[in-house]
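Asker: Have a look at this prediction, sequence included:
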Amino acid sequence: MIDASNLTRAQLRRTLRKTRRELPRAAQRKAAAALYRQLAQHPVFRRARSVALYLANDGEIDPHLLIRAAHARGKQVFLPVLKSWPRTSMVFQRLDAHEKLAANRFGIPEPRRNAKRQRKIWTLDLILLPLVGFDQHGGRLGMGGGFYDRSLAYRALRKNWHKPTLLGLAHSCQQVDQLAMANWDVPLDATVTDGGWY
Ligand SMILES: Nc1nc2c(c(=O)[nH]1)N(C=O)[C@@H](CNc1ccc(C(=O)N[C@@H](CCC(=O)O)C(=O)O)cc1)CN2
Ligand SMILES: Nc1ncnc2c1ncn2[C@@H]1O[C@H](COP(=O)(O)OP(=O)(O)OP(=O)(O)O)[C@@H](O)[C@H]1O
């Protein structure tokens, strides 16, 4: 496991992103299948009627099997869609099973913006978040854009509001011993990897 204590957040991001990007294709495929087994039959996933996921990028663990399962089970699937203004914000928009996508400014595919298909984040049952690093205390290090943190900022004023459930998704090699939490960081309920729950 990576010792984060003597690295800056930027150094830690660089190291962890390189590690996950360099995972061989076969390891990526195996990890995606193992992640699916960790979650597909879990009550948190089974009970959720609306689930936000992401499309894997930059070596992230790939949740496409969960997206497919969610659609097959009649769940509503949502993806983050960047807003052009303000540039630091994103919304969650429903994804159809065979919808056409277009790359956003980071090169990540996303649905074409359509206000009618967007939902307020606090009405979702479950959010599966991409991350760069995680610890076992709900700490999450993201890409550094603050997109998820900003979307979840309402939580600071709703300490007893437990919806949606927040689960980070990661390769087990993305675990660090302890992440320093900024005051805007919203803790995860857990992180799920190819190897288990943390
Ligand atoms: N798959 C996936 N989708 C996601 C996220 C994510 O982390 N993973 N996001 C989670 O927030 C949002 C996008 N956030 C991002 C933030 C920074 C970079 C990025 O690659 N930055 C470049 C430099 C910036 C640039 O190209 O202008 C870099 O750091 O190399 C990508 C996505 C929404 N969608
Ligand atoms: N609730 C918030 N309100 C205003 N600014 C915020 C908020 N949350 C985060 N930010 C800003 O976003 C920047 C990036 O935050 P941080 O490094 O925690 O992002 P991240 O969690 O790694 O990224 P992401 O959530 O996009 O994956 C910070 O510099 C911070 O100023």
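Answerer: It's in. Numbering: from 1, shown residues only. Ligands and ions are numbered 1, 2, ... in the order given.
Asker: Which residues of this structure lie near ligand 2?
Answerer: 141-150, 153, 182, 184-185 (Cβ under 6 Å from any ligand atom). Every residue, glycine included, has its C-beta placed from N, CA and C.
Asker: One more pass at 5 Å, please.
Answerer: By the rule Cβ under 5 Å from any ligand atom, the part of the chain lying against ligand 2 is G142, M143, G144, G145, G146, F147, Y148, D149, R150, A153, W184.
Asker: Quick test: name the residue nearest the centre of the protein.
Answerer: L129 (1.4 Å; Cα atoms, centre = their mean).
Asker: Assumed that one was part of a helix.
Answerer: No: counting by DSSP: H, G, I helix; E, B strand; the rest coil, L129 is not found in a helix; it is strand.
Asker: OK, contacts around it?
Answerer: Counting by Cβ atoms under 8 Å, 6 or more residues apart in numbering, L129 makes contact with Y54, R140, G142, Y148, L166, L167, G168, L169, L188.
Asker: in whichever helix in the chain runs longest, what counts as buried?
Answerer: What stands out as the longest helix in the chain, according to DSSP state H, is helix 25-39. For helix 25-39, the buried set under the neighbour-count rule, 16 or more other Cβ atoms under 10 Å, comprises Q28, A31, A32, A34, L35, Y36, Q38, L39.
Asker: just checking, what packs against that helix?
Answerer: helix 64-72, strand 190-193 (3 or more Cβ pairs under 8 Å, 6 or more residues apart in numbering; DSSP states H and E).
Asker: which one of these lies closest to P24?
Answerer: Closest of the helices and strands packed on helix 25-39 to P24 is strand 190-193, at 17.1 Å (criterion: Cβ to Cβ).
Asker: Let me know the average pLDDT across that closest one.
Answerer: Predicted confidence along strand 190-193 averages 98 (mean pLDDT).
Asker: can I get the helices and strands packed on helix 25-39 in a markdown table with mean neighbour count?
Answerer: Shown next, in a markdown table, are the helices and strands packed on helix 25-39 (neighbours: other Cβ atoms under 10 Å):
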| stretch | mean neighbour count |
| --- | --- |
| helix 64-72 | 17 |
| strand 190-193 | 22 |
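Asker: would you turn the ones you listed into JSON lines with distance to R47?
Answerer: Conversion of the helices and strands packed on helix 25-39 to JSON lines gives the following (distance: least, Cβ to Cβ, whole Å):
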{"stretch": "helix 64-72", "distance to R47": "12"}
{"stretch": "strand 190-193", "distance to R47": "15"}
